[in-house]
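Chemist: give me a 3D structure for the following:
(one chain, ligands or ions: 1)
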Amino acid sequence: MFVRSLAALALWISLPVAACAQAPDIIRPEVVATYPHDTNAFTQGLFIHDGQLFESTGQVGQSSLRRVALETGRVEQSVAIAPPIFGEGSARIGDEIFMLSWVSERGFVFDAETFEQVDSFTYPGEGWGLTYDGNHLILSDGTPELRFLDPETMTLSHSINVTLNGRAVRRLNELEWVDGMIWANIWETRSIVRIDPETGIVDAMIDLSALVPPSVAGRRDAVANGIAWNAATGQIYVTGKLWPILYEIRLPDSDPD
Ligand SMILES: [Ca+2]
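Modeler: Residues are numbered from 1 along each chain as shown. Prediction:
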């Protein structure tokens with residue numbers, strides 16, 4: 001598993017495996033708990049607010065924003081995103097939820113309680129993942145660049161380029177602000193990279209290989225995607241597109257950070 005994960009990551013960041021041997025720590029998370037997850041949810045965004053799980057999903061005609069009961073996986077509230085929009089990442093600021101679309105260069109703002117759309121915004125290029133660091137919305141678009149947007153104006157404040165051992169890391173996908181660092185799924189891998197938000201440098205890779213449910217292991221579209229951090233409790237949750245399971249994980253104590 002170790003070698004396979006390294007090889008998979010090396011493929012996407014164009015690194016020889018040998019170079020990865022000197023890469024940041026590879027961390028295998030411990031599973032704290034498992035919960036049901038909607039196997040029809042093409043997970044593109046995941047976050048926790050006040051102990052409640054929120055999820056945004058993709059695919060044209062199946063895109064949605066939803067509030068989910070963590071314990072049961074039951075969708076308690078949802079709003080459909082109409083075609084031709086392909087839904088992407090989402091993040092909450094105050095009483096509003098911001099959500100991206102893949103290639104429409106348009107995002108949406110929803111009332112977090114009613115899910116009524118209250119605004120929209122535009123941005124150039126693709127939209128993949130979204131998170132909030134307390135000051136800026138952070139947007140990924142499949143490239144090594146993470147954009148920091150002013151949430152008042154949705155204009156670009158600054159950006160960082162994500163690197164591992166000095167090499168660009170492409171396909172940054174779902175994002176989560178976790179205790180001062182940015183965690184990002186890497187599309188079509190089983191790895192999460194942990195990124196310094198100032199420098200873009202990856203200081204650790206979190207290997208989710210052992211968490212891939214057997215029922216989706218052979219599906220290329222059912223990739224690991226979705227990270228949610230409960231800032232109040234420190235709990236971290238991960239899942240994948242179409243996965244039947246959502247995991248609470250913790251990093252082992254051997255983690256130097
Ligand atoms: Ca997230």
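Chemist: poorly predicted segments of the stretch 1-150 of the chain, please.
Modeler: 1-23 (pLDDT under 70).
Chemist: so where do the strands sit in it?
Modeler: 25-27, 30-36, 43-49, 52-57, 64-68, 75-80, 87-93, 96-101, 106-111, 117-122, 130-132, 137-140, 145-150 (DSSP state E, counting those that start in this stretch).
Chemist: who in this structure is up against the ion?
Modeler: Contact residues (C-beta under 5 Å from the ion) of the chain with the ion: 46-47, 176, 227. Bear in mind the C-beta positions are built from the backbone N, C-alpha and C, glycine included.
Chemist: which residues sit in contact with Arg66?
Modeler: Residues near Arg66 by C-beta atoms under 8 Å, 6 or more residues apart in numbering: 41, 54-57, 75-79.
Chemist: out of these, which are buried?
Modeler: Buried subset of those (neighbour count, 16 or more other C-beta atoms under 10 Å): 41, 54-57, 79.
Chemist: how much space between the closest residue to Ile186 other than its chain neighbours and the ion?
Modeler: Sequence neighbours aside, Arg171 is the residue nearest to Ile186 in space, at 5.2 Å (criterion: C-beta to C-beta, 6 or more residues apart in numbering). To the ion, Arg171 is 16 Å away according to C-beta to the ion, to the nearest Å.
Chemist: ok, Arg171 touching Ser191?
Modeler: No. Judged on C-beta atoms under 8 Å, Arg171 makes no contact with Ser191 at a distance of 10.4 Å.
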